[in-house]
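> any chance you could fold what I've pasted below:
(4 chains, ligands or ions: 2)
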Amino acid sequence: MSGISFIELYVFVLAAFVGYQVISRVPPLLHTPLMSATNAISGISLVGSLVLAGANYGTVATVLGVVAVTAAMTNVVSGFMITDRMLRMFKRGDDRK
Amino acid sequence: MSGISFIELYVFVLAAFVGYQVISRVPPLLHTPLMSATNAISGISLVGSLVLAGANYGTVATVLGVVAVTAAMTNVVSGFMITDRMLRMFKRGDDRK
Amino acid sequence: MIPGVVIQVAYLAAAVLFILGLRGLASPATARRGMLYAEIGMLVAIVGTLVQHEIVRYDWILVGLVLGSVIGAPIAIYMPMTAVPQRTAISHMCGALAATLVGIAEYWRLRGQVPHAEMAALAFEVMFGALTITGSFMAFGKLQELVKGAPITYRGQNAVNLTLFAVTLGLFGYLVVQPAAAHVFYAMVGLALLIGVFLVLPIGGADMPVVISLLNSYAGLASAATGFVLGNNVLIIAGALDGASGFILSILMSRAMNRSFRNILFGAFGSQATAAATLSATTDKTVRSISAADAAIQLAYARSVIVVPGYGMAVAQCQHQVAELAELIEKRGGSVKFAIHPVAGRMPGHMNVLLAEANIPYDRLYDMEDINGEFENTDVALVIGANDVVNPAARNEPSSPIYGMPILNVDRAKSIIVLKRSMNPGFAGIENALFYNPKCSMLFGNAKDSLVQLITEIKAA
Amino acid sequence: MIPGVVIQVAYLAAAVLFILGLRGLASPATARRGMLYAEIGMLVAIVGTLVQHEIVRYDWILVGLVLGSVIGAPIAIYMPMTAVPQRTAISHMCGALAATLVGIAEYWRLRGQVPHAEMAALAFEVMFGALTITGSFMAFGKLQELVKGAPITYRGQNAVNLTLFAVTLGLFGYLVVQPAAAHVFYAMVGLALLIGVFLVLPIGGADMPVVISLLNSYAGLASAATGFVLGNNVLIIAGALDGASGFILSILMSRAMNRSFRNILFGAFGSQATAAATLSATTDKTVRSISAADAAIQLAYARSVIVVPGYGMAVAQCQHQVAELAELIEKRGGSVKFAIHPVAGRMPGHMNVLLAEANIPYDRLYDMEDINGEFENTDVALVIGANDVVNPAARNEPSSPIYGMPILNVDRAKSIIVLKRSMNPGFAGIENALFYNPKCSMLFGNAKDSLVQLITEIKAA
Ligand SMILES: NC(=O)c1ccc[n+]([C@@H]2O[C@H](COP(=O)([O-])OP(=O)(O)OC[C@H]3O[C@@H](n4cnc5c(N)ncnc54)[C@H](OP(=O)(O)O)[C@@H]3O)[C@@H](O)[C@H]2O)c1
Ligand SMILES: NC(=O)c1ccc[n+]([C@@H]2O[C@H](COP(=O)([O-])OP(=O)(O)OC[C@H]3O[C@@H](n4cnc5c(N)ncnc54)[C@H](OP(=O)(O)O)[C@@H]3O)[C@@H](O)[C@H]2O)c1
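Ligands and ions are numbered 1, 2, ... in the order given. This is a model prediction of the structure:
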């Protein structure tokens, strides 16, 4: 635990603004891939879990860490793969053979 | 001087994203007011100058501080007033008497 | 010092790449490149983390990573597109699980020696995380039909839920003041898990998409809170992006459905009864049923057709037949367009994905605003398993629960053919006057079977 | 602890209010409310700062605040709208001055005892700040015509400038390694001041808007660097917003002018000579000059008129006469629209502000893309002091320097009346074939005088 500095609130607020603006620009056409893309990105909680599973914090921490790594990695892998699978399906008229 | 923490880079990068997105949405109609509005907002350097002028850092610092406060305050006052003066001029057809 | 800088740079790069990735989704042309950025961002963040000093052994990490990939990849490869809502629910569960476990481990490791501000973030993280775990699991169960889809209600339900909330919030407040109270911490986690279940029980299966999106934003908030606890900015940023996405989608959905959050979360949708009543009151109106042969003739000679897909297309999984039919009509010289209502189906973008899967180019899918003017000049509007999104009551019956919701103006087309199995209502549980419109013919039956018949007949014509 | 929290909360609120303020500028309907947010943000930030412990005396602060208001308010109240570019330049000078002075004072106060990373930010701040001070002042001089507007060039100029840059960067690098070298610090400030002058000297007065926008982004960067030095996030955020705005506007301008940054900064626009040559080569073509009386008759009986204002309208300050003429034509039953090219005039949005000042509602100002299709069905296109933005060479002469720049299709109107003083070229210094078009008549003279005559004649008609 590295202590909360106030500046992290700035990061959160600014990121929320960026998120709001970026996501508002996604057309309905791509809302389903958007959902799976954000699922994949949310797998970034992996970075917290990795430390837990790999540091020597005791058995309980390691076990919880491994479960957390598994859960997060599932999101990353399936999220990105599904998004890509969906996006590959979207074609313009002139791309069609 | 309070030391640069890496997290300030996050703030800068995120703010640049927000700025880019917000400003891209301003229509050409309002580009002139936009210029004066950002001038006014840039007057926020006032907050640095105020400390300089008001803390007891010695004569040199105080003199530089007062000049800086004056310069920044000029921007704030004239920037916001001009922006408002311009924006008051923009009217829809049905607002016109 | 050096590994510290490496990891900070890696995380900043990851955050920027995630943002660029989501920006790419602004258009199908840039979407895949965007996702590549996001994937690189993830890789950079993971590699950056692995060089951190605190990590001393990699064996367990490897176990987790391999397990996760082994679970994730088959889901992604074999999952039918119609199961996207369920998968999304499960994915929120996984995300929330990871956040919650990290939070619990952190608390356990520090044995409650947590400063007050950090404790607030930590408690927030596990509370939102825990309720998202069970809530998402319940949502998954309802969508996968493991649990009864209908709202489960009982007397005093709201009172029970409110009490649960109040107690949990009380524990939260106590913890912030007394971070060392471990039993309170674990009690709060347990209660939050219960809340997740109780929150979703009274909500109907069909309202799940909104609930899922809300849970999405909760999972994002939990993840951002983890970032606060660990002092990790990329977690904060990714959590905020995730939270914003869930929030925006749930707003869009409830707006397009013309309902408020409150109504969805606490309404327990009591409209089944009313719907039945209206239905019986109007059975004296006549419905024109049509044979596949007759419908095929109409379609074969139509110069312009607009296809309006709805949830029924997803149920029947007939998107490939729809594409085949469209191609057939076009070969005969007719024009075919697809009209996509923003909440057709059961999740945002549902129809788009299914039609894309059937190889229909996305520039032939029209948003509601873009196509609504064209129905007047259209020979046949072919409604495939859509119901609420074409219900004229939204336009002209102020007493209807969907009044005010924007709809596709199918009733303005020169003729209308509706493919559905029965006269049963759709999601909103209300009757549809469109089906009694003299211009409208009903082709009853499972949409897939009906389409196969239509295709055979047109080929023969 | 408590004042620390107060100030942090104040700064966060200010940052959010600034962002909301700029978001408001997305539409004229929300713009004033947005600016109110930004003003509140500024107030909150100032008040928050004043409660800081470090501030022990308020007398000098008050002097600065009062002086600033006394200087700022009259500028805002009495400045004519045509002087906006100059004021913007001066304002960047003030902003950069404040940033630079804060940086110098900080360095002075710490007597060079600055850690390396901080020193990099500090040196960046004073370097960009200093060159923006003099650069903006030069730009102001050229725009206000205190300095000769034409590019000032001499042999070896680029070599001199590059050497200056290189030396300054060298000093910058040295300082980061040896922060205590005070003489190097002050030498760098001096050189940066010189660079500002030399950078702007070779750039023509008309290219100033792009330069001003670039200086705007430099001022923003300097301000953000101040934020890094002082550990002040609201400065970082405001600086980033400012920088983004300057950057985007200069990109938009150079794109709409079909020129690269490099060309503007180092091109010294040598086209005057070429322009004169082309002009003389074509004097055998005929130009139809028209009297105010004849032009008035055409306008009086036109059913549809599109007014195309350009830089000449700003020079003649005749926006009120333009509005009067438009009203007159409309009273007689004609329709009048205004076509605004994105780089008409000399700064972004120039024509919009002037016409708004003359009380013309903004929904009658049409962007280029929206009106270009309408010229064909227009009886009279009335070009008031515009030249480059209606030059058909941009469309059909690949050798022209403006080839490829999007233009207003004035030449497609049924007839064209151009108000200008002579056959002189406009900003780009090139000839305009439009003026030789058989459908085009020239009404020579200062635009204001011509408009007054037109108005009198139409009233009499
Ligand atoms: N898209 C979203 O994000 C979202 C989220 C939440 C809620 N919703 C709601 O979902 C509704 C969507 O409207 P909608 O028009 O797409 O669907 P709908 O109103 O739910 O109607 C679907 C129709 O399809 C028919 N159907 C079902 N299975 C079929 C099959 N195998 N073959 C043929 N027909 C079949 C059903 O009639 P039969 O039973 O007679 O066959 C039903 O009337 C809206 O009310 C919307 O508010 C959407
Ligand atoms: N808007 C921006 O942000 C921006 C920034 C930088 C550069 N620019 C450049 O500026 C140019 C703008 O094009 P433009 O068509 O608006 O202007 P322009 O091409 O510069 O032409 C202005 C015309 O107005 C005439 N004029 C000047 N004073 C006049 C007066 N008192 N009465 C009547 N006529 C007068 C001049 O002709 P006479 O001398 O014969 O009267 C001149 O030909 C473009 O080339 C653009 O790239 C624009």
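
> how about the nearest residue to residue A:76, chain neighbours excluded?
Spatially, and ignoring its direct neighbours in sequence, residue A:76 is nearest to residue A:43 (3.5 Å; C-beta to C-beta, 6 or more residues apart in numbering or on different chains). Every C-beta, even on glycine, is put in place using the N, C-alpha and C of the backbone.

> is that neighbour in contact with residue A:73, as I believe?
Yes. Applying C-beta atoms under 8 Å, one finds residue A:43 in contact with residue A:73, separated by 6.9 Å.

> count the neighbours of the residue nearest to residue A:76 for me.
Residues contacting residue A:43 under the criterion other C-beta atoms under 10 Å in any protein chain shown number 32.

> the strand or helix carrying residue C:220 near chain A at all?
Using DSSP states H and E, residue C:220 falls within helix C:208-230. Yes. Judged by C-beta under 8 Å from any C-beta of the partner chain, helix C:208-230 and chain A are in contact via C:213, C:216, C:219-220, C:223-224, C:226-230.

> equivalent analysis for stretch C:350-357, please.
Yes. Contact of stretch C:350-357 with chain A (C-beta under 8 Å from any C-beta) involves C:350, C:352-353, C:356-357.

> may I see the buried residues of that stretch?
By 16 or more other C-beta atoms under 10 Å in any protein chain shown, the buried positions in stretch C:350-357 come out as C:350-357.

> got the CA positions of it in PDB?
Extracted C-alpha coordinates of stretch C:350-357, given in PDB (Å, rounded to 0.1, in the frame of the first residue of the first chain):
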ATOM      1  CA  HIS C 350     -27.000  -7.000 -31.000                       C
ATOM      2  CA  MET C 351     -28.500  -6.900 -34.500                       C
ATOM      3  CA  ASN C 352     -25.400  -5.400 -36.000                       C
ATOM      4  CA  VAL C 353     -23.200  -8.200 -34.800                       C
ATOM      5  CA  LEU C 354     -25.500 -10.900 -35.900                       C
ATOM      6  CA  LEU C 355     -25.900  -9.500 -39.400                       C
ATOM      7  CA  ALA C 356     -22.200  -8.800 -39.700                       C
ATOM      8  CA  GLU C 357     -21.700 -12.500 -38.800                       C
END
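
> check contacts around the residue in chain C positioned nearest to chain A.
Here chain C gets closest to chain A at one residue, residue C:68, 2.4 Å apart by C-beta to the nearest C-beta. Shown in contact with residue C:68 (C-beta atoms under 8 Å, 6 or more residues apart in numbering or on different chains): A:69-77.

> show me the shaky parts of chain A.
Low-confidence segments of chain A, defined by pLDDT under 70: A:1-5, A:94-97.

> distance of whichever residue of it sits closest to chain B from residue C:72?
Per C-beta to the nearest C-beta, residue A:14 is where chain A lies closest to chain B, at 3.7 Å. Separation of residue A:14 from residue C:72 (C-beta to C-beta, to the nearest Å): 31 Å.

> got it, and residue A:26?
From residue A:26 over to residue C:72 the distance is 23 Å, taken as C-beta to C-beta.

> give the buried residues for stretch C:196-211.
Buried positions in stretch C:196-211, judged by neighbour count with 16+ other C-beta under 10 Å: C:196, C:198-211.

> contacts for that stretch?
C:85, C:89, C:130-139, C:142-143, C:145, C:149-153, C:157, C:160-161, C:164, C:250, C:253-254, C:257, C:261, C:264-266, C:268-269, C:346-348, C:427.

> and of the contacts of residue C:68, the nearest to residue C:61?
residue A:69 (6.3 Å; C-beta to C-beta).

> what about the closest one, how many neighbours?
Other residues within reach of residue A:69, judged by other C-beta under 10 Å, total 31.
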